[in-house]
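> Give me a model of this one.
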Amino acid sequence: MGRYSRAMTTEPDPVASYLATLEHLKSRKRWSTSLPTVRYAALALGPGGPDVDLDRLERATDTLRTGAGWTSPLRSEVRHVIAAMIVREGLDPETVRDRVLETRAAFKGHGIPRGMPGSTFAALVLAMRADGGPVPDRQLERLARIYRHWRSAHFWLTGADDLPAAAVHAAGDREVDMLAADVERAYARLVEAGFRRGGPLQLVSHLVTVDSRGVETGVERFRRIAERMQRSDRKVRAGRYDEVALLALTEEDPATLVERVLEHRERLRAAKPRPGKDLAFSLAAGIALAADEAHAAERGAGDLAALHSLQGILNARHAAVATTAGAGAAVGHS
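Okay, the predicted model is just below:
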């Protein structure tokens, strides 16, 4: 029986909690900060968002930009989402910022790209997984090896945007050659299942191999969730693959999970200002994942940490895409 089988009256309402967080953040929203960014920051704060200290969050946001390059996610509007991630984890923003800059600088010595936003997000993953402490050199070596494997297998698809997922794996302890073989097998299985080749599908192969239940389970759950979503709503576009992949990492029954995500989406669409359908889906999937995290005792801590890292980075990336596209309240991520 699924983990959500417990009486609904004993569970907090995750959508209501998210909307309360959003209103909390909007009360101090700066004119220069887009609403999609605030929406993703609210998602990054998680269940404790309605009670977050806004002064602390603003200080964290301001701290991140100091010393960061002009094109760095630490300086761009996405820093609001990153600050929310840091505050949620109870880490010191200045320490995390310094570790990110230090780690990204160390990429050069390992042959890891460091001039793109993906490089900064990868450094952020490693810094936060180290709780703000020094990132072990072993993890940098693993990151370089994983990235080289992925580039070798799919040279034209693999770039700095793949580094955050590689960093999640680098923080683990799976043997790199075995991991690379699993990723390649996952991609092949996904293509055989009829999903569209390309960068979004490659990201899925990177994500589902985080699943400790094995590649076949990860691929099958992705397929079943995508299939169920298509029957219940509409065709799953490549732009939604990453969120479907994260949902596949949960233990929920696919039919129940899709029903819940679509229900969350409609509730979000009923709230003003009304988000676009794609943005509402992205947020609904994130809310479902956050609810899954609330039952962390039922899953190994390592898997939970990986899932949390991936979700946080994807939140930031989606916010960046929405901002770059000039998205307003009614526009979703591409």
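> State the pLDDT value of Pro47.
With respect to pLDDT, Pro47 scores 83.
> From the chain's centroid, how far away is whatever helix or strand Ala255 lives in?
In this assignment (DSSP states H and E), Ala255 forms part of helix 254-270. Averaging C-alpha positions (CA atoms, centre = their mean, to the nearest Å) puts helix 254-270 19 Å from its chain's average.
> any idea how far Arg274 lies from Arg114?
40 Å (CB to CB, to the nearest Å). C-beta here means a position set from N, CA and C on the backbone, and glycine is covered the same way.
> One more: Gln230?
From Gln230 to Arg114 the distance is 39 Å (CB to CB).
> My read is that Pro273 contacts Ser34, right?
No - counting by CB atoms under 8 Å, Ser34 is not a contact partner of Pro273; they are 11.8 Å apart.
> And Gly198, how far from Arg260?
28 Å.
> These two: which is more packed in?
When Gly198 and Arg260 are compared on other CB atoms under 10 Å, the one with more neighbours turns out to be Arg260, at 20 against 13.
> Not counting sequence-adjacent ones, nearest residue to the more buried one?
Among residues not flanking Arg260 along the chain, Ala288 sits closest, at 5.7 Å (CB to CB, 6 or more residues apart in numbering).
> More neighbours: which of Gln230 and Arg114?
Arg114 (19 against 12).
> For the nearest residue to the more buried one once chain neighbours are set aside, grab the count of nearby residues.
Counting by CB to CB, 6+ apart, Phe107 is the residue found nearest to Arg114 once chain neighbours are left out, at 4.1 Å. Counted with other CB under 10 Å, residues neighbouring Phe107 total 22.
> buried sites along stretch 252-264?
Of the residues in stretch 252-264, Glu252, Asp253, Pro254, Leu257, Val258, Arg260, Val261, Leu262, His264 count as buried by neighbour count, 16 or more other CB atoms under 10 Å.
> Distance to Ile225 and pLDDT added to those, as CSV?
CSV is the format used below for the buried residues of stretch 252-264 (distance: CB to CB, whole Å; pLDDT from 0 to 100):
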residue, distance to Ile225, pLDDT
Glu252, 9, 87
Asp253, 10, 92
Pro254, 5, 93
Leu257, 7, 93
Val258, 6, 94
Arg260, 11, 94
Val261, 9, 95
Leu262, 12, 94
His264, 15, 96
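> Now flag whichever of those residues is closest to Ile313.
Val261 (19.8 Å; CB to CB).
> and that closest one, how far is that from Ala288?
In terms of CB to CB, Val261 sits 5 Å off from Ala288.
> what's the answer for Trp70, then?
Taking CB to CB, one finds Trp70 at 36 Å from Ala288.
> what about these two, which has more around it?
Ala288 (26 against 7).
> In this structure that one contacts Leu247, no?
Yes - when contacts are counted by CB under 8 Å, Ala288 is listed as touching Leu247 (6.8 Å).
> which neighbours do those two share?
Leu257, Val261 (CB atoms under 8 Å, 6 or more residues apart in numbering).
> Same drill for Pro273 and Ser34, tell me which one is more crowded.
Ser34 (19 against 11).
> that older thread, the host helix or strand of the residue nearest to Arg260 vs helix 254-270, what angle?
Using DSSP H and E, Ala288 sits within helix 277-293. Inter-element angle recorded for helix 277-293 and helix 254-270: 120 degrees (by axes from the mean of the first three to the mean of the last three CA atoms, to 10 degrees).
> Please renumber the chain so that the first residue is 7 from this point on.
With 7 as the first residue, the last one maps to helix 283-299.
> Using CSV, list the CA coordinates for helix 283-299.
Output in CSV follows, covering the C-alpha atoms of helix 283-299 (Å, rounded to 0.1, in the frame of the first residue of the first chain):
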residue,chain,number,x,y,z
LYS,A,283,-0.7,25.7,-17.3
ASP,A,284,2.9,24.6,-17.8
LEU,A,285,4.2,26.7,-14.8
ALA,A,286,1.3,25.3,-12.7
PHE,A,287,2.3,21.8,-13.6
SER,A,288,5.9,22.4,-12.8
LEU,A,289,5.0,23.8,-9.4
ALA,A,290,2.4,21.0,-8.8
ALA,A,291,5.1,18.4,-9.4
GLY,A,292,7.4,20.1,-7.0
ILE,A,293,4.7,20.3,-4.3
ALA,A,294,4.1,16.5,-4.7
LEU,A,295,7.8,15.9,-4.4
ALA,A,296,8.0,18.0,-1.2
ALA,A,297,5.2,16.0,0.3
ASP,A,298,7.1,12.8,-0.5
GLU,A,299,10.1,14.2,1.3
